[in-house]
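**Q** Mind looking at a prediction? Sequence and model below.
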Amino acid sequence: MDEARFLRKKVKAGRIDAHPTENAIVVNYEVTAEILTDAGEPMVADAKRCQQTIRVNNLSSGTDVEALADKLMEACKLITPVKFPELVQILTFLLRRSRTKEFKALVKEQKMAPKTQGSLLDHSRTAEVARVSELETYMELLYEKLSDKVRGTSLILQVAQNPDNLEEVVENEAIMGALARVLREEGTKSRDLATNLIHIFFILSSFTDFHHILKTYKIGNLCLATITREIARYDEWQGALAKKLDKLGRKSADAKDLLEKYNEQCFQQESLLYVATHLLLNLAEDTRVQIKMKNKGIVGNLIELLDRDNVEFLILIVNFLKKLSIFAENKDEMKQADVVQKLVRLVQSPHDALVAVSLGLLLNLSFDEDIRTRIIELDLVPRLAELVGNHELPQHYMLGILYHLSMAPSARPALFRSDLLEQLHDPEAPMELVALWVNLALDPECAQRICADGGLGRLVATAIELDDALIMKVVHNVSSAVTGETKELFLEEIDALMGHVNSGAEVNDDTTVEALGVLGNIDVEDFDHRQLIEEYNLLEFINERLLPSAADDDVVIRLVILVGTCLADEESAELIACSGVVENLMGLLETPRRDDPEIALQILYVFYKLLFHRCSRGVLLKHQSVIRELIDFMSHPNVEIKRICNSALDIVVEVDEGWADEIRARRFEVHNATWIEAMRGGPAISSGMYGGDGYPYDAYGSQGAYDVYDAGDLGHYGGLDDNDGANLDFDASLYRQSLSASTGANLY
């Protein structure tokens with residue numbers, strides 16, 4: 001193996017995003033540190049994802065966005081020229097968002113009077129008491145002037161709010177036809193009229209028996225058109241409001257009156273949007289109707305509405321998105337619209353009901369890897385971990401999201417919570433919680449914290465007491481992740497682990513399998529493995545289970561790894577060489593398990609270790625079949641198998657010249673396989689890397705098997721030279737536009 005003498009660092013620019021809460025741009029990039037051989041070939045590499053935050057201060061309507069973008073690109077080498085249009089777009093978005101936040105803050109200072117606040121369904125303004133016997137009279141009002149139509153629909157709404165009257169309303173085809181006609185022809189003329197009409201149909205939509213009537217009159221299409229129209233109108237209001245506030249002065253009495261009027265109109269509009277959206281949500285019980293809604297842009301409209309502030313309305317919108325998100329097409333559209341960025345604000349809300357439904361939507365979305373990455377980029381992980389302690393929220397949502405996020409190594413340290421760790425000892429601990437810790441235990445930092453203050457001993461005791469395979473899997477993963485003094489803590493748990501293994505439990509029992517995996521990972525320096533073998537009669541236990549058909553593949557591979565771990569010293573190697581293990585391993589290679597690259601690699605590693613130790617080398621050389629197997633496996637497509645075979649055969653050539661010629665000839669044949677077979681006219685021996693199997697060969701070292709490289713020391717090469725990667729601050733007031741802003745249409 002070539003000695004590592006050189007380091008090479010590569011920086012790859014990634015996507016740029018708007019910061020979710022600040023006036024800042026987040027630049028994502030990846031730093032890769034490679035160790036090179038003398039020949040300049042990379043031996044091992046470690047990649048680290050990083051972020052640079054560029055804060056943009058003093059953004060205003062007079063900012064020259066393109067000039068500012070040019071200056072940002074000069075200062076940040078990670079933003080390439082090809083991303084200039086995207087940078088301009090993000091700066092424009094930040095400018096628009098900052099202005100929106102500014103006047104929203106003013107709006108909140110001038111909340112509507114309490115008498116106009118309340119449920120979005122409490123919008124009826126008539127003081128009359130409606131009677132079901134007067135339905136025909138109320139219907140006649142629908143043919144009068146606009147104010148009479150509003151009064152008539154308000155009275156019909158009162159009648160419909162009593163479930164006992166619904167059947168009479170629905171069976172009156174004249175009334176139903178008139179209501180649908182007025183909504184279609186005059187719904188755009190009065191918001192109160194449209195709200196009353198859609199509210200009547202919304203009440204009907206609460207009963208699936210009436211859905212066919214709504215479909216007959218195409219009420220769903222009318223509601224979709226209403227939502228689209230009102231969203232466009234709201235955008236116009238915001239633009240006009242900002243300009244009028246600038247003109248009037250934001251603290252003036254006229255501005256206060258304007259804001260009160262704006263608040264009242266927003267409440268009225270949200271009442272209309274609420275009933276229209278709720279009606280569509282009820283109709284969406286039919287997946288065929290959902291498809292039609294999706295084709296008409298319902299997902300995009302709902303995402304637009306997430307910018308509203310009314311909690312009752314937001315709960316409805318998020319519930320609707322949650323329902324739609326179970327279909328991949330809708331989920332992809334939400335991902336493209338960056339819905340996670342809008343959910344950041346909702347997850348931080350003080351209203352538990354809103355947070356709960358937002359978590360339900362996030363859980364559905366978090367099955368997508370790109371969305372999980374986005375959640376991490378937006379720094380939502382600490383907030384989500386903090387919410388676990390809030391028992392007012394659905395814990396299965398929280399644990400499901402955290403489990404999905406724990407698949408990303410970079411998120412694991414932030415997910416560690418000691419209170420969650422304590423819950424592992426509860427016999428009623430939910431499956432999602434244990435699965436979360438299975439992933440977190442793979443992180444070295446988390447694994448070390450799990451072991452601290454006697455945590456390892458309590459975890460092992462709980463796994464054995466409850467006979468819980470998943471908790472023992474947590475212990476197994478911890479044993480793979482920790483090193484040094486922390487790994488030595490496992491020496492104190494050998495008695496408990498061996499006690500469980502020898503307790504008479506079924507050998508293929510999942511808890512026993514994981515316990516064997518833990519024992520195979522205890523590769524502590526200067527540990528007396530011979531004492532372990534003799535004290536627990538370990539070789540007899542292993543030999544009985546290495547017989548063909550004696551155990552499942554999972555057991556076999558862990559037993560072979562355990563043998564490889566015990567071969568760390570000469571004394572143990574001598575015991576193992578004379579115990580019959582070699583014959584049993586050769587027997588495994590005569591079965592279909594020979595074709596399993598994981599099992600084959602671990603067996604060949606044991607042969608290599610036996611050849612490595614002088615005291616066991618002679619015993620192995622007497623088994624010519626072992627050497628033959630090493631020679632045969634030289635042509636295996638798995639690169640790690642070929643590497644271990646070559647290392648073992650180097651020792652054979654050095655100590656036994658009798659094999660030298662045959663080994664050299666075989667190496668020549670394998671190395672020149674393509675040319676030789678071309679001359680013979682037959683298929684070439686595969687000498688490439690084993691393709692497409694997905695086995696994590698680089699992890700075998702942590703399992704006590706063949707350890708080629710250790711990339712753990714690359715972590716400190718994650719930085720950039722000079723100012724690359726450092727956060728930057730820019731003053732946008734230095735880049736002013738030369739043209740004055742154009743005036744907009746009046747708000748009212």
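**A** Arrived safely.
**Q** distance of residue 506 from residue 390?
**A** 41 Å (CB to CB, to the nearest Å). Placement of C-beta: from N, CA and C, glycine included.
**Q** Could you list the low-pLDDT ranges of the stretch 201-350 of the chain?
**A** 249-251 (pLDDT under 70).
**Q** circling back to that earlier point, between residue 506 and residue 390, which one's more packed in?
**A** residue 390 (12 against 9; other CB atoms under 10 Å).
**Q** so what pLDDT did the closest residue in space to that one that isn't next to it in sequence get?
**A** Leaving out its chain neighbours, the residue that sits closest to residue 390 by CB to CB, 6 or more residues apart in numbering is residue 352, at 7.1 Å. Model confidence at residue 352, given as pLDDT, is 91.
**Q** Tell me, how many residues neighbour residue 352?
**A** 13.
**Q** Report the contact partners of it.
**A** Residues in contact with residue 352 (CB atoms under 8 Å, 6 or more residues apart in numbering) are 390, 392, 393.
**Q** Also residue 537?
**A** Listed by CB under 8 Å, 6+ apart, residue 537 has no contact partners.
**Q** Check the one 3 residues further on too.
**A** Applying CB under 8 Å, 6+ apart, we find residue 540 in contact with no residue.
**Q** in what helix or strand does it lie?
**A** helix 538-545 (DSSP states H and E).
**Q** do the same with residue 429
**A** Applying DSSP H and E, one finds residue 429 in no helix or strand.
**Q** again with the one 5 residues further on
**A** Using DSSP H and E, the element containing residue 434 is helix 431-440.
**Q** what packs against that helix?
**A** Secondary-structure packing of helix 431-440 (3 or more CB pairs under 8 Å, 6 or more residues apart in numbering; DSSP states H and E): helix 395-405, helix 412-415, helix 418-423, helix 444-451, helix 469-481.
**Q** 7 Å instead, please
**A** helix 395-405, helix 412-415, helix 469-481 (3 or more CB pairs under 7 Å, 6 or more residues apart in numbering; DSSP states H and E).
**Q** Flag every buried residue along the shortest one.
**A** Of the residues in helix 412-415, those scored as buried under the neighbour-count criterion (16 or more other CB atoms under 10 Å) are 412, 414, 415.
**Q** how about those in CSV, adding distance to residue 655 and pLDDT?
**A** Below are these laid out as CSV (distance: CB to CB, whole Å; pLDDT from 0 to 100):
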residue, distance to residue 655, pLDDT
412, 46, 89
414, 52, 86
415, 51, 87
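**Q** just curious, which of those residues is nearest to residue 170?
**A** Closest to residue 170 out of these is residue 415 (52.5 Å), distances taken as CB to CB.
**Q** Contacts only, for the closest one.
**A** 381, 385, 402, 405, 406, 440 (CB atoms under 7 Å, 6 or more residues apart in numbering).
**Q** So, low pLDDT: which residues of this structure?
**A** Applying pLDDT under 70 to the chain flags residues 1-7, 36-46, 60-62, 97-118, 123-127, 249-251, 504-505, 507-508, 674, 676-748.
**Q** How are the strands of it distributed by residue range?
**A** 6-18, 24-36, 42-57, 728-731 (DSSP state E).
**Q** most tightly surrounded among those strands?
**A** A comparison of the strands of the chain by mean neighbour count, using mean count of other CB atoms under 10 Å, puts strand 24-36 on top with a mean of 19.
**Q** okay, the angle between it and strand 6-18?
**A** Inter-element angle recorded for strand 24-36 and strand 6-18: 160 degrees (by axes from the mean of the first three to the mean of the last three CA atoms, to 10 degrees).
**Q** JSON lines for the contacts of residue 415, including distance to residue 212?
**A** Formatted as JSON lines, those follow (distance: CB to CB, whole Å):
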{"residue": "381", "distance to residue 212": "47"}
{"residue": "385", "distance to residue 212": "47"}
{"residue": "402", "distance to residue 212": "43"}
{"residue": "405", "distance to residue 212": "43"}
{"residue": "406", "distance to residue 212": "46"}
{"residue": "440", "distance to residue 212": "51"}
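**Q** ChimeraX command for the buried members of the residues you listed?
**A** In ChimeraX, a selection of the buried entries from the contacts of residue 415 looks like this (16+ other CB under 10 Å):
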select :381,385,402,405,406,440
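**Q** Between which two of the contacts of residue 415 is the distance greatest?
**A** Using CB to CB, the pair of these lying farthest apart is 381 and 440, separated by 12.2 Å.
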